[in-house]
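> Below is the sequence, then the predicted model.
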Amino acid sequence: MTKINYNSWPIGKIPKQLERPEMQQIKDMGYIWDDPRDIIDMFEKKVAEFSGSKYAVSVDCCSHAIFLSLKYLIYKGEINSGFTVLIPRRTYISVYMQIINAGLYVQFDDRQWSGAYQIVDTRVWDASVRWSEGMYIEDSLMCLSFQIKKRIPIGRGGMILIDSETAYDWLKLASYDGRDLHTAYTSEDHVRMPGYHMYMTPEDAARGIILMDYVKEQGDSGDWTKYTDLSEVVKKFNQ
């Protein structure tokens with residue numbers, strides 16, 4: 001397959017002192033890349049190897065990782081629009097929002113959880129506060145967070161861990177506006193499907209690589225006790 005290089009400076013390079021430093025920093029650390037999007041691939045492979053998954057798809061936040069994972073299951077016919085899923089009543093509000101935005105319904109339960117929990121009855125796991133070597137759960141779509149308070153605090157970012165090449169291909173297209181990154185912009189085949197603008201930037205991926213090399217602390221960084229009762233919070237939306 002012909003590689004399509006990404007020109008990161010289409011209107012002229014900005015002054016050196018105004019550039020974000022991470023992409024040069026990983027070169028200084030010994031990582032080799034020519035196309036900035038190579039950095040995305042390196043970070044995804046690094047996280048997949050750490051977690052024990054076959055593949056990883058980087059996105060701009062964990063919330064969108066959950067949204068895209070649910071949309072993939074709808075695409076595959078595993079669940080239908082209007083399907084009702086079950087989540088803990090004590091979790092982050094964005095999980096509820098992404099489920100609703102994906103065209104599904106929510107019921108709450110009283111689960112006590114730490115680090116990660118399953119969105120029942122789906123294969124999607126919210127693992128936004130888990131970071132442990134070998135943490136991947138077989139046959140799941142496991143959604144990670146790199147928000148500023150997490151073990152790998154990029155500032156913003158997420159990842160979907162998967163073991164299916166079919167899921168990888170679909171999620172990659174979906175996160176990049178449905179664009180095939182191996183096809184030229186001028187090609188009629190460049191856009192393969194309706195997608196979403198939810199990809200991770202090369203600069204953020206480079207920061208993730210740096211942090212993974214230097215931050216060795218692992219373990220859950222949150223649990224059910226850190227969150228308010230969403231069943232009370234969302235009552236106003238259902239009136």
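Good, I have the coordinates.

> make it CA atoms for all contacts and neighbour counts henceforth
OK.

> Just give me how far stretch 221-230 sits from the chain centre.
Put simply, stretch 221-230 sits 21 Å off its chain's centre (CA atoms, centre = their mean, to the nearest Å).

> who's in contact with it?
Contact with stretch 221-230 is made by 88-93, 111-115, 129-131, 150-151, as judged by CA atoms under 8 Å, 6 or more residues apart in numbering.

> Buried ones among these?
Buried by 16 or more other CA atoms under 10 Å: 88-93, 114-115, 129-131, 150-151, out of the contacts of stretch 221-230.

> Isn't residue 130 up against residue 217?
No - between residue 130 and residue 217 there is no contact, the gap being 11.3 Å when judged by CA atoms under 8 Å.

> Might you report the residue contacts of the closest residue to residue 217 other than its chain neighbours?
Distances taken as CA to CA, 6 or more residues apart in numbering put residue 151 closest to residue 217, at 7.0 Å, once the chain neighbours are dropped. By CA under 8 Å, 6+ apart, residue 151 lies in contact with 129, 131, 215, 217-218, 221.

> Let's see that with 10 Å instead.
Residues near residue 151 by CA atoms under 10 Å, 6 or more residues apart in numbering: 128-132, 145, 211-212, 215-221.

> In three-state terms, label it for me.
For residue 151, the assignment made with DSSP: H, G, I helix; E, B strand; the rest coil gives coil.

> Then residue 236?
Secondary structure for residue 236, judged by three-state DSSP, is helix.

> low-scoring stretches of this structure, by residue?
Counting by pLDDT under 70, the ranges of the chain that qualify are 1-12, 238-239.

> Show me where it has its helices.
Secondary structure of the chain (DSSP state H): helices at 22-28, 36-51, 62-76, 93-101, 165-175, 202-214, 230-233.

> Reformat these as a markdown table; add distance to residue 155.
As requested, these are exported to a markdown table (distance: least, CA to CA, whole Å):
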| stretch | distance to residue 155 |
| --- | --- |
| helix 22-28 | 13 |
| helix 36-51 | 15 |
| helix 62-76 | 12 |
| helix 93-101 | 17 |
| helix 165-175 | 19 |
| helix 202-214 | 8 |
| helix 230-233 | 25 |
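
> Highest mean neighbour count across these, which stretch is it?
With neighbours taken as mean count of other CA atoms under 10 Å, the helices of the chain reach their highest mean count in helix 62-76, at a mean of 22.

> relative to helix 93-101, how tilted is that helix?
Helix 62-76 runs at 30 degrees relative to helix 93-101, counting by axes from the mean of the first three to the mean of the last three CA atoms, to 10 degrees.

> For helix 62-76, name the packing helices and strands.
Under the contact criterion of 3 or more CA pairs under 10 Å, 6 or more residues apart in numbering; DSSP states H and E, helix 62-76 touches strand 55-59, helix 93-101, strand 124-126, strand 141-145, strand 158-162, helix 165-175.

> what comes into contact with the last one?
Residues from elsewhere that reach helix 165-175, judged by CA under 10 Å, 6+ apart: 54-60, 64-65, 68-69, 71-73, 75-76, 141, 160-162, 178-181, 191-200.

> do that again at 8 Å, thanks
The contact list for helix 165-175 (CA under 8 Å, 6+ apart) reads 55-57, 59, 68-69, 72, 162, 179-180, 192-199.

> Could you do the shortest one as well?
The contact list for strand 124-126, computed with CA under 8 Å, 6+ apart, reads 66, 69-70, 116-119, 140-144.

> quick one: which of those is nearest residue 50?
Set against residue 50, the nearest of the contacts of strand 124-126 by CA to CA is residue 144 (12.6 Å).

> which residue packs closest to the closest one, ignoring adjacent ones?
Using CA to CA, 6+ apart and skipping the chain neighbours, the partner closest in space to residue 144 is residue 128 (4.6 Å).
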